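Participant: Dropping the sequence and predicted coords here.
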Amino acid sequence: MKTDPEIELMLRFKNGDEGAFQRLFNLYRKPMVNFCYRFCGDRAAAEDLAQDVFIRVYRAAGGYEATARFSTWIYRIAVNVCLNEFRSRKRKPVITSMDQPAVGTGDRPAEYPDHRTPSADEALAAGQRDEWLRAAFQRLPERQRMALMLRTFHEFSYDEIAGQMMISTANVKTLIFRAREQLKEMLAHPV
């Protein structure tokens, strides 16, 4: 497992190299903020949640063991932070479309701009479809939503998701299958 350069950085940090932590922070800051943003839908809250992830990484350094890829380990922490935040504040998670520019980002440019210029009808149809999908995704049970988000947006393997969510691989497959089936049903009959 030690061929992963990020594991090497974490092991160096565990042994006292603060610069190694800074490099990990620089590598994962944006992906963590984006992951948290997709879950909570609020940029400021996502930055706070990502900061909490890094605080937990920092505090866990002494007990860190390289048993999985570093990305699997840090996303497991992010999953727990996001789920804890959701449970504690009873926030409604918001899932943003990877195909459309972010809405409400102020002066900040969208992270995933779409340089095509759709017609007004296409934009209206896409907006309605995205709204239906977003609403349906939010109605999924939180564990199904989290498993599907890790698989779809972050392309983690079933085994990696199992490690992040601390459940069996079979349970991950079931959660994702049920989430997809529920989404199909909800989208077939939009409210």
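Facilitator: Done, it's in.
Participant: Correct me if wrong: residue 70 contacts residue 4.
Facilitator: Yes - contact criterion Cβ atoms under 8 Å: residue 70 and residue 4 qualify, at 5.7 Å. For every residue, glycine as well, the C-beta is placed using N, CA and C.
Participant: Which residue comes closest to the most centrally placed residue in the chain once chain neighbours are left out?
Facilitator: The residue lying closest to the centre of the chain (Cα atoms, centre = their mean) is residue 35, at 3.2 Å. Distances taken as Cβ to Cβ, 6 or more residues apart in numbering put residue 78 closest to residue 35, at 5.4 Å, once the chain neighbours are dropped.
Participant: Let me know how buried the one you found is, in neighbour terms.
Facilitator: Neighbours of residue 78 under the rule other Cβ atoms under 10 Å: 26.
Participant: So in this protein, where's the weakest helix or strand by average pLDDT?
Facilitator: None of the helices or strands of the chain scores lower by mean pLDDT, DSSP states H and E than helix 120-139, at a mean of 69.
Participant: low-confidence ranges in the protein?
Facilitator: 1-2, 89-129, 190-191 (pLDDT under 70).
Participant: Check it for its longest helix and report it.
Facilitator: Using DSSP state H, we find that the single longest helix of the chain is helix 18-40.
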